[in-house]
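Peer 1: Please find the sequence and the predicted model below.
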Amino acid sequence: MVAKQGWKFLREPSSLVARIYKEKYFSSVQFSKASLGKAPSLIWRSIWSAREVVLRGTSILGADSKVRCKGESSNDSEKSELWKHIWELEVYGGCKHFLWKAVSNTLPTRANLYKRKIIEDPLCPICQREEENVLHALWSCPAASDVWGEMLSPVQKWRLEEKDFQQLWLRMVKRLTKNQIEITVNIMKRIWGRRNEVLFENKFMDPGKLVQNALIGWEVFLEANKKTCDTVREVSSISKQGWEKPVGNCCKVNFDAALDMVNKKIGLGIIVRNNAGDIMAAVCTPRKLVVSPFLVECHALWRSMEVCRELGFWDIILEGDAKNVIDRVNSATEDESEWGQIITDLKTVLGRCDGWSLNFIHREKNGVAHFLAKMALNLDEERCWIEEGPIQIEQLIVKEKSCITLNT
């Protein structure tokens, strides 16, 4: 409550209470520079004791050591943008709350605990050289500097120019891309976690491994969020313009591929269905990354042909959204490109089976195969389902079967 009264002195200097206290205790200076004075009242002593908390709050709100009072130009928009930027980052909630505490200087660093008289020593528990404030713990400590010097660090060659963490954060916001900021926040969170492990468990993680774990954690978070969004989009698009059933008694084989450049993997997805939309087979195949996206799609087509031969499907329509690959395989002319031999091999296999045909379709009609390809990225070995599929595609299959019913 006394801190709140001090805050009112700054925000409402023309109020009656503020003018009375100013006249009595700090007539020639601002409240931020007021001294305790001689024979202070108990109330003024309490307000003055809370002055540091108030001033820390003003610096957090972006006032640059000067409080914007009524009648002055406001800095609220800059403050609002600062917090808005934090909450819009694509990192998990724990990272956002950690960053908020770091920027607002409420992390339980040894310096903060020392000021509150909880501990007697403010020195950094790792280097034992300097007082451990937020900037030191996350940036300038030699142990933290080793982390930021790693090759994968977005701020590898940055120098320390700021006096507090909030200034450092503002510089990062101005100079780094959104992805670089998100990686940096994940690394900071890991640095703080390692600091706690040193303090409480006597463990110390290698800088390179720390950065690698931070990157993996961020990528896993993005992939999980992307899968959720992709599922919603796929269900929505399929309900509008989805898979079309094959004519007659033949089956339709949809195939697709997905790439994970970070983990250097590809995923192949294959779904075989009859003219009622029932699943005959489903396949998720993870493989090591190949050199070209074109080759990735070739792998998907080749594996779908292998699956059909292994399971004895001889009257089929192969469908995919890789137009470049499908057009070349269906072309009557010889392919003389660098991947010409692969195209020739695909043509040969397709030509040997009289009941096989290959068609191009747009992505919205290839949703299940695409989803299976994304699933394959998280597998260590191939998975195959006969006359059923993974539970994750049940909703997509039901949607597409409903489209068949509506169109007949």
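Peer 2: In hand now; what should we look at?

Peer 1: name the helices or strands packed onto the helix or strand containing residue 373?
Peer 2: If you go by DSSP states H and E, residue 373 is part of helix 367-376. Contacts defined by 3 or more CB pairs under 8 Å, 6 or more residues apart in numbering; DSSP states H and E place helix 367-376 against helix 207-240, strand 251-260, strand 265-273, strand 279-288, helix 394-407. Using the backbone N, CA and C atoms, a C-beta is placed for each residue, glycine as well.

Peer 1: Show me where the stretch 101-250 of the chain has its strands.
Peer 2: In the stretch 101-250 of the chain, no strands are defined using DSSP state E, counting those that start in this stretch.

Peer 1: Any regions of it where pLDDT drops low?
Peer 2: Along the stretch 101-250 of the chain, the model assigns pLDDT under 70 to residues 157, 224, 226-241.

Peer 1: Could you break the protein into its assigned domains?
Peer 2: 2-73, 77-221, 244-407 (automatic domain parsing).

Peer 1: can you list those domains in TSV and add mean neighbour count?
Peer 2: As requested, the domains of the chain are arranged in TSV below (neighbours: other CB atoms under 10 Å):
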stretch	mean neighbour count
domain 2-73	15
domain 77-221	16
domain 244-407	17
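
Peer 1: and residue 22, how far is that from residue 336?
Peer 2: Remark: distance between residue 22 and residue 336 (CB to CB, to the nearest Å) = 87 Å.

Peer 1: can you check residue 322 too?
Peer 2: Counting by CB to CB, the gap from residue 322 to residue 336 is 20 Å.

Peer 1: ditto for residue 96
Peer 2: With CB to CB as the criterion, residue 96 and residue 336 are 54 Å apart.

Peer 1: now do residue 246
Peer 2: From residue 246 across to residue 336, the span is 34 Å (CB to CB).

Peer 1: Contacts only, for residue 35.
Peer 2: By CB atoms under 8 Å, 6 or more residues apart in numbering, the contact list for residue 35 reads residue 26.

Peer 1: That one - that's part of a strand, no?
Peer 2: No: applying DSSP: H, G, I helix; E, B strand; the rest coil, one finds residue 35 to be coil, outside a strand.

Peer 1: Out of the helices and strands packed on helix 367-376, which is closest to residue 326?
Peer 2: strand 251-260 (10.2 Å; CB to CB).

Peer 1: So which elements touch that closest one?
Peer 2: strand 265-273, helix 293-311, strand 316-320, helix 367-376.

Peer 1: May I see the helices and strands packed on helix 367-376 arranged in JSON lines, with distance to residue 359 as well?
Peer 2: Listed next are the helices and strands packed on helix 367-376 as JSON lines, based on distance: least, CB to CB, whole Å:
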{"stretch": "helix 207-240", "distance to residue 359": "18"}
{"stretch": "strand 251-260", "distance to residue 359": "9"}
{"stretch": "strand 265-273", "distance to residue 359": "15"}
{"stretch": "strand 279-288", "distance to residue 359": "18"}
{"stretch": "helix 394-407", "distance to residue 359": "17"}
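
Peer 1: so who does the residue lying closest to residue 168 once chain neighbours are set aside touch?
Peer 2: Once flanking residues are discounted, residue 168 sits nearest to residue 162: 4.4 Å by CB to CB, 6 or more residues apart in numbering. Residues counted as contacts of residue 162 (CB under 8 Å, 6+ apart) are 135, 168, 171.

Peer 1: Next: residue 113.
Peer 2: Contacts of residue 113 (CB under 8 Å, 6+ apart): 119, 122.

Peer 1: what separates it from residue 35, distance-wise?
Peer 2: Going from residue 113 to residue 35 by CB to CB gives 27 Å.

Peer 1: Residue 359: what's it in contact with?
Peer 2: Taking CB under 8 Å, 6+ apart, one finds 317-319, 326 in contact with residue 359.

Peer 1: Could you tell me the model confidence score at it?
Peer 2: Residue 359 is assigned a pLDDT of 95 by the prediction.

Peer 1: you'd agree it is in a helix?
Peer 2: No: going by three-state DSSP, the assignment for residue 359 is strand, not a helix.

Peer 1: still on that earlier bit, right, and the helices and strands packed on helix 367-376 - which one's nearest residue 154?
Peer 2: Short answer: helix 207-240, nearest of those by CB to CB, at 10.0 Å.

Peer 1: residue boundaries of the helices in the stretch 51-200 of the chain?
Peer 2: Taking DSSP state H, counting those that start in this stretch, the helices of the stretch 51-200 of the chain run over residues 51-60, 76-87, 93-103, 110-115, 134-135, 142-148, 165-175, 178-201.

Peer 1: Distance check, the closest residue to residue 247 other than its chain neighbours against residue 250.
Peer 2: Of all residues not flanking residue 247 in the chain, residue 275 sits nearest, at 7.3 Å (CB to CB, 6+ apart). Residue 275 sits 7 Å away from residue 250, going by CB to CB.

Peer 1: show me the contacts for residue 326.
Peer 2: 301, 320, 358-360.

Peer 1: and it, how far is that from residue 360?
Peer 2: 5 Å.

Peer 1: got any residues that touch both of these two?
Peer 2: Residues touching both residue 326 and residue 360 (CB under 8 Å, 6+ apart) are residue 320.

Peer 1: rewinding a little: and residue 192, which of the helices and strands packed on strand 251-260 is closest to it?
Peer 2: strand 265-273 (30.6 Å).

Peer 1: What would the closest one look like as CSV? C-alpha coordinates only.
Peer 2: The C-alpha coordinates for strand 265-273 follow below in CSV (Å, rounded to 0.1, in the frame of the first residue of the first chain):
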residue,chain,number,x,y,z
LYS,A,265,14.5,-36.6,-42.1
ILE,A,266,11.8,-37.1,-44.6
GLY,A,267,8.4,-38.7,-44.1
LEU,A,268,6.4,-40.7,-46.7
GLY,A,269,2.7,-41.2,-46.3
ILE,A,270,0.6,-43.7,-48.3
ILE,A,271,-3.1,-44.5,-48.0
VAL,A,272,-5.0,-47.1,-50.1
ARG,A,273,-8.8,-47.0,-50.2
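
Peer 1: ok, it: who's next to it in the sheet?
Peer 2: Partners of strand 265-273 in the sheet, by DSSP bridges, are strand 251-260 (antiparallel), strand 279-288 (antiparallel).

Peer 1: Tabulate these (a markdown table), appending mean pLDDT and distance to residue 402.
Peer 2: Putting these into a markdown table (pLDDT from 0 to 100; distance: least, CB to CB, whole Å) gives the following:
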| stretch | mean pLDDT | distance to residue 402 |
| --- | --- | --- |
| strand 251-260 | 93 | 17 |
| strand 279-288 | 93 | 15 |
